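> after the sequence you'll find the predicted model.
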Amino acid sequence: MWVVICYDVNTETREGRRRLRRVAQVCKNYGQRVQKSVFECQIDLMKFEELRRKLLKEVSLTLDNLRIYRLTEPREKHVESYGEIQTILFDEDTLVV
């Protein structure tokens, strides 16, 4: 499944800046950054549950905002992207030179 993670972490305090770094690191472990606080992830249901659990552990529900969107398949029919596109499709074979 394709999932979009969006977050807005309150960074007015030192702890908030630490939360921001931790949330971004969790997201990097599951997908690719497409904007500063937006990640696209191609994961199965088990990884999705794991990702959600880890993110909820890192954010402050009273200070931060976390949104998780599951995209309807096939992704190509439902996602429009304009400008510089550098999407990595994780289900395709990768050639490393």
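Yep, it's here. Numbering: from 1, shown residues only.
> so, low pLDDT: which residues of the chain?
Residue ranges of the chain with pLDDT under 70: 85-97.
> ranges for the strands of it?
2-8, 32-35, 38-42, 65-71 (DSSP state E).
> and K77, which of these is closest to it?
Nearest of these to K77, taken as Cβ to Cβ: strand 65-71 at 10.1 Å. (Each C-beta comes from the backbone N, C-alpha and C, glycine too.)
> show me which positions of that closest one end up buried.
L66 (16 or more other Cβ atoms under 10 Å).
> touching it from outside, list them.
1-8, 23, 48, 52, 55-56, 59, 78-79 (Cβ atoms under 8 Å, 6 or more residues apart in numbering).
> hmm, 10 Å instead?
Under the criterion Cβ atoms under 10 Å, 6 or more residues apart in numbering, residues 1-10, 23, 37-38, 40-42, 48, 51-52, 55-56, 58-60, 78-79 lie in contact with strand 65-71.
> stretch 41-51 too?
Outside stretch 41-51, the residues that reach it (Cβ under 10 Å, 6+ apart) are 1-5, 26-32, 39, 68, 70-71, 75, 88-91.
> can I get the CA coordinates of it in CSV?
Output of stretch 41-51 as CSV, limited to C-alpha atoms (Å, rounded to 0.1, in the frame of the first residue of the first chain):
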residue,chain,number,x,y,z
CYS,A,41,5.9,5.1,1.8
GLN,A,42,5.3,1.9,0.0
ILE,A,43,4.7,-0.6,2.8
ASP,A,44,2.6,-3.6,3.7
LEU,A,45,0.0,-3.7,6.4
MET,A,46,2.4,-5.0,9.1
LYS,A,47,5.0,-2.2,8.3
PHE,A,48,2.1,0.3,8.3
GLU,A,49,1.1,-0.7,11.8
GLU,A,50,4.7,-0.5,13.0
LEU,A,51,5.2,2.9,11.4
